[in-house]
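Visitor: Kindly return the folded structure for what I paste below:
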Amino acid sequence: MEDVSSLGKDGASAPTLAGKIAALLHTRSTEQESPLDIAIAKESPLDIATATDGTLSHKPLIVEPAPLGVAPAKLEATFSQAETSAQEEHLQHGLAESIVFGNLERSRLELPMLLSGACGGADETFGEMAIQHQHRLVHFLGPGDEEWASTKAKETQKDAFEYVSQELLESSIVSGALDIAGDSRVLGSQRTPDWRARVAEMAARRNFLQVRSADAVYVVGWRLEKGKDQFTGRCDIDASETPALDVGGGTGWSCQWYVDRFTDGGEDPALCKLFFFDDAGPPWARKDPASEGRWNRWNVTSKTWEVLEEDPPKPFGLYAGIGATRLSSRAESAIRSLYRDVAATKETEKEALNVESGLAEEIVFGNLDRSRLELPMLLSGACDGADE
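Guide: Numbering: from 1, shown residues only. Predicted structure coming up:
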């Protein structure tokens, strides 16, 4: 079983985010532990305790025969309908717990697998594309989160809903990660005694599960204007109090949780794959000509966005696809383009060329029959640069 200090990817050297969480929790001796904390902390004074050999004393419930994240239809081939329901719930709990406790067995996952949250906009669009391309899909939902799930997700992606207990979401590991992220996001005058409650109103803890073990994170959203608060994006604050990782809304917390894996001696910063499409979003969002309407990648070292000249890599492995609940047409197109199969696209272009083999002659001899053309149609030369 994985050491508690490895909150990031397998093999990450200490101190990792989990190590920082342990140190943070050690200072909270006066705080009451939840039943889940007590269950996993029997042999150490720390809230996220380790046994004498350095391993967690808790082992999440995992069913061995079937891989995690299996859709109900596949389970029904093996179990009776009654058994399927119980088995599915067991698998779901095993996946969430394994992610939180850092002992996820990737060899048991059917990859690629998308982790998201079933909200409208980005979540449902990522989910739709994942299903179309035979990727596994998991939408994590905590208590009350289904209220915010989109109609489309409820109608076409409900089999991917995985319900997570409040007990797990309020465990010391998730709470510790929230506090560490808060050190980067809730700054200066925003750090009031009730800041955690205010965060709870705009960012769901289940988002931590989406990025905790992800190989890459794809985000479509908007940026905070410099000098605006991170809670609403509209209230004036000192410019120094706007987070460096300036993705707005609850999505910003997902991004921060992911990036925290690569800071302060954690995972290799070069392996951070946070891809962000700047949709500019609401009127109060930052409008940066350099990043707007384009894919960008976060640089952990410089704490800046680097504009990508082309789309990010096609979603792979265990990845998160998340973002704003309202998308422009360009943002929706950006998500769909991520899944485009380059080889299939080239084959389609070749077939189209064959269909239009008589087009050149008709243009030259002036007898072009426009009624048979599928318009709009671009005429170009396939050269590098402008043509391509």
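Visitor: which residues in the stretch 51-200 of the chain form helices?
Guide: 72-75, 81-101, 122-132, 151-156, 166-169, 172-185, 195-200 (DSSP state H, counting those that start in this stretch).
Visitor: Report all helices and strands that the last one contacts.
Guide: Same thing as helix 195-200. Other elements packing on helix 195-200 under the criterion 3 or more C-beta pairs under 8 Å, 6 or more residues apart in numbering; DSSP states H and E are helix 172-185. (Each C-beta comes from the backbone N, C-alpha and C, glycine too.)
Visitor: CA-only coordinates of the helix it packs on, as CSV, when you get a sec.
Guide: Listed next in CSV are the C-alpha coordinates belonging to helix 172-185 (Å, rounded to 0.1, in the frame of the first residue of the first chain):
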residue,chain,number,x,y,z
SER,A,172,-8.6,15.4,7.3
ILE,A,173,-6.9,14.7,3.9
VAL,A,174,-9.4,16.8,2.0
SER,A,175,-9.7,19.5,4.7
GLY,A,176,-5.9,19.7,4.8
ALA,A,177,-5.7,20.1,1.0
LEU,A,178,-8.3,22.9,1.2
ASP,A,179,-6.3,24.8,3.8
ILE,A,180,-3.1,24.5,1.7
ALA,A,181,-4.9,25.7,-1.4
GLY,A,182,-6.3,28.5,0.7
ASP,A,183,-2.8,29.7,1.4
SER,A,184,-2.5,30.5,-2.3
ARG,A,185,-6.0,31.7,-3.0
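Visitor: residues in contact with Ile135?
Guide: Not quite, residue 135 is His, not Ile. Contact partners of His135, counting by C-beta atoms under 8 Å, 6 or more residues apart in numbering, are 112-114, 315.
Visitor: typed the wrong thing, it's Asp288
Guide: Contacts of Asp288 (C-beta under 8 Å, 6+ apart): 223, 278.
Visitor: what about it, helix or strand, and which?
Guide: Under the criterion DSSP states H and E, no helix or strand holds Asp288.
Visitor: can you check the one 10 residues further on too?
Guide: Counting by DSSP H and E, the element that carries Trp298 is strand 295-299.
Visitor: so where's the protein uncertain?
Guide: By pLDDT under 70, the low-scoring segments of the chain are 1-16, 18-93, 342-357, 365, 369, 371-372, 387-388.
Visitor: Kindly recompute the last result at 80.
Guide: For the chain, the stretches with pLDDT under 80 are 1-93, 203, 341-358, 361-362, 364-375, 382, 384-385, 387-388.
Visitor: in it, which residue is closest to the centre?
Guide: Ala320 (2.8 Å; C-alpha atoms, centre = their mean).
Visitor: mind listing what the residue nearest to Asp246 when sequence neighbours are not counted touches?
Guide: Spatial nearest neighbour of Asp246, chain neighbours left out: Leu224 (4.3 Å); criterion: C-beta to C-beta, 6 or more residues apart in numbering. Residues in contact with Leu224 (C-beta under 8 Å, 6+ apart) are 230, 233, 242-243, 246-248, 252, 285-286.
Visitor: Please produce CSV containing these, extended by distance to Asp268, secondary structure and neighbour count.
Guide: Shown next, in CSV, are these (distance: C-beta to C-beta, whole Å; DSSP: H, G, I helix; E, B strand; the rest coil; neighbours: other C-beta atoms under 10 Å):
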residue, distance to Asp268, secondary structure, neighbour count
Gln230, 27, coil, 30
Gly233, 32, coil, 22
Thr242, 27, coil, 22
Pro243, 23, coil, 21
Asp246, 23, coil, 23
Val247, 22, strand, 26
Gly248, 28, coil, 25
Gly252, 23, helix, 25
Ala285, 31, coil, 23
Arg286, 29, coil, 19
